[in-house]
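[1] Provided below for reference: sequence and predicted model.
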Amino acid sequence: MANKSKIEWCDATWNPITGCTPVSDGCTNCYAKRMVERFPKAHGERAGVETGTGKAALNPIPFSSIVPHYDRLDQPMCWKRPRRIFVCSMGDLFHEDLALFEETEKIFEVISACYKHTFMVLTKRPQRMRAAVEHYLRDGFPYFPNLWLGVTTENQEAANRRIPILLQTPAAVRFVSVEPMLGPIDLKPFFEWTDMDNERVNRGPHWVICGGESGPGARPMNPLWVQDLRDQCASASVPFFFKQWGEWVPTNVYAGPKERLHMWSNPFHPGQMMERVGKKAAGCLLDGCEHKKFPEVIA
């Protein structure tokens, strides 16, 4: 938990559930697993073998174990100022090892009660997310006007599998997080505007986040992929939020000392060079500008 966050698109994080297991290519360099390895108390520790001092040693709980933290449930209730809260930044709220309705109900109760906050949930398991939301709406929960639901789509394959299910899930805002971006993505088939009561209504994703990979082993992101995604969003009148380049940045963006270079074999942009300079130095400028748009809240 943090009542402040360095994640650019949220104000705070709330982790009543931690832990996850890999499901696709985007999980290879999971930042949450890396954070738990550095700070195991954030996920939890178990008593192990007794030491010579008479005290039991504490062993970190593996990140692959899904751990509910009931002592964190009331944290958003203590925050007086309205916040955009990223729910389960250190795990997946809809993981298969979690009792879907029994465990998530407590979290949905808090979301329903804390109407002044906006709760933002990202998952790679949209089937279980849809099942949970539909279950609670049938079970008498009110519609959640403060709940934004999103899926991570690191490449086209993930987009094709996850976005259609997201669009079938009731939510005030539905968003797509293309981070880490590992390949070109065409979102045009998912953008859909329709006329309803003399008003244009977006039936597709309401918001798109994009970012490159950071940390050890980070994979470069082709600038053409990002530019194309930005242009798709602009054509569809969908807000686009470019979070970061990650560890790698195009050589024409960064003028500092070089570390190492990566050459793209790109038939449409021969000789495109990327260099590894670190997340902070790489920044978030795309064609010289920041792109940090948010969606309008839909009533």
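    Ah, there it is. Predicted, not measured: the structure shown is a model, and the values here were computed from it.
[2] and the most centrally placed residue in the chain, how far from F94?
    Nearest residue to the geometric centre of the chain (Cα atoms, centre = their mean): L122, 4.8 Å. Counting by Cβ to Cβ, to the nearest Å, the gap from L122 to F94 is 10 Å. To be clear about C-beta, it is placed using only N, CA and C from the backbone, and glycine gets the same treatment.
[3] does the residue nearest to the centre of the chain sit in a helix, a strand or a coil?
    L122 falls in the strand class when you classify it by DSSP: H, G, I helix; E, B strand; the rest coil.
[4] switch to numbering from 45
    In the new numbering, first residue 45, that becomes L166.
[5] list the contacts of Y159.
    Neighbouring residues of Y159 by Cβ atoms under 8 Å, 6 or more residues apart in numbering: P189, N190.
[6] and the pLDDT at it?
    You'll see Y159 listed with a pLDDT of 92.
[7] kindly report the same for the one 4 residues further on.
    At F163, the model reports a pLDDT of 97.
[8] and if you look at G261?
    Note on G261: pLDDT of 91.
[9] same thing with H250?
    At H250, pLDDT is 96.
[10] number of nearby residues for it?
    Residues lying near H250 (other Cβ atoms under 10 Å) number 21.
[11] wait, doesn't it sit right on V282?
    Yes. When contacts are counted by Cβ atoms under 8 Å, H250 is listed as touching V282 (6.9 Å).
[12] mind listing the shared neighbours of those two?
    Here H250 and V282 share the contacting residues P339, scored by Cβ under 8 Å, 6+ apart.
[13] what's next to stretch 83-92, contact-wise?
    Under the criterion Cβ under 8 Å, 6+ apart, residues 59, 62-63, 79-80, 100-105, 107, 111, 113, 134 lie in contact with stretch 83-92.
[14] can you tell me the element W269 falls in?
    Take DSSP states H and E as the rule and W269 turns out to sit in helix 267-279.
[15] what are the buried residues along that helix?
    By neighbour count with 16 or more other Cβ atoms under 10 Å, helix 267-279 contains the buried residues P267, W269, V270, L273, R274, Q276, C277.
[16] ok, for the fourth one, nearest residue in space, not its chain neighbours?
    When the adjacent residues along the chain are set aside, L273 lies closest to C254, with 5.6 Å between them (Cβ to Cβ, 6 or more residues apart in numbering).
[17] contact partners for A157?
    M121.
[18] for the stretch 145-294 of the chain, what spans make up the helices?
    For the stretch 145-294 of the chain, the helices defined by DSSP state H, counting those that start in this stretch cover 170-182, 200-210, 267-279.
[19] mean pLDDT added to these, as TSV?
    Shown next, in TSV, are these (pLDDT from 0 to 100):
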stretch	mean pLDDT
helix 170-182	93
helix 200-210	98
helix 267-279	96
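[20] in a markdown table, list those along with distance to D241.
    Converted to a markdown table, the helices of the stretch 145-294 of the chain look like this (distance: least, Cβ to Cβ, whole Å):
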| stretch | distance to D241 |
| --- | --- |
| helix 170-182 | 22 |
| helix 200-210 | 24 |
| helix 267-279 | 25 |
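[21] these: which one's closest to P228?
    Checking those against P228 by Cβ to Cβ gives helix 267-279 as the closest, at 4.7 Å.
[22] what's the closest one packed up against?
    Other elements packing on helix 267-279 under the criterion 3 or more Cβ pairs under 8 Å, 6 or more residues apart in numbering; DSSP states H and E are strand 251-255, strand 284-288.
[23] any idea how far that helix is from the chain center?
    Here helix 267-279 shows a centroid-to-chain-centroid distance of 19 Å under the convention Cα atoms, centre = their mean, to the nearest Å.
[24] same deal with stretch 284-302?
    Distance, stretch centre to chain centre, for stretch 284-302: 20 Å (Cα atoms, centre = their mean).
[25] stretch 187-194 too?
    A distance of 15 Å separates the centroid of the chain from that of stretch 187-194, by Cα atoms, centre = their mean.
[26] likewise stretch 115-123?
    On Cα atoms, centre = their mean, the centre of stretch 115-123 falls 21 Å from the chain's centre.
[27] which of the residues in it are buried?
    The neighbour-count check on stretch 115-123 (16+ other Cβ under 10 Å) flags R116, Q119, P120, W123 as buried.
[28] run a quick neighbour tally on W192.
    25.
[29] that older thread, which of the helices and strands packed on helix 267-279 is buried the deepest?
    Across these, averaging neighbours per residue (mean count of other Cβ atoms under 10 Å) puts strand 251-255 on top, at a mean of 24.
[30] which other residues reach that strand?
    Residues from elsewhere that reach strand 251-255, judged by Cβ under 8 Å, 6+ apart: 53, 192, 194, 217-225, 231, 270, 273-274, 277, 282-290, 337-339.
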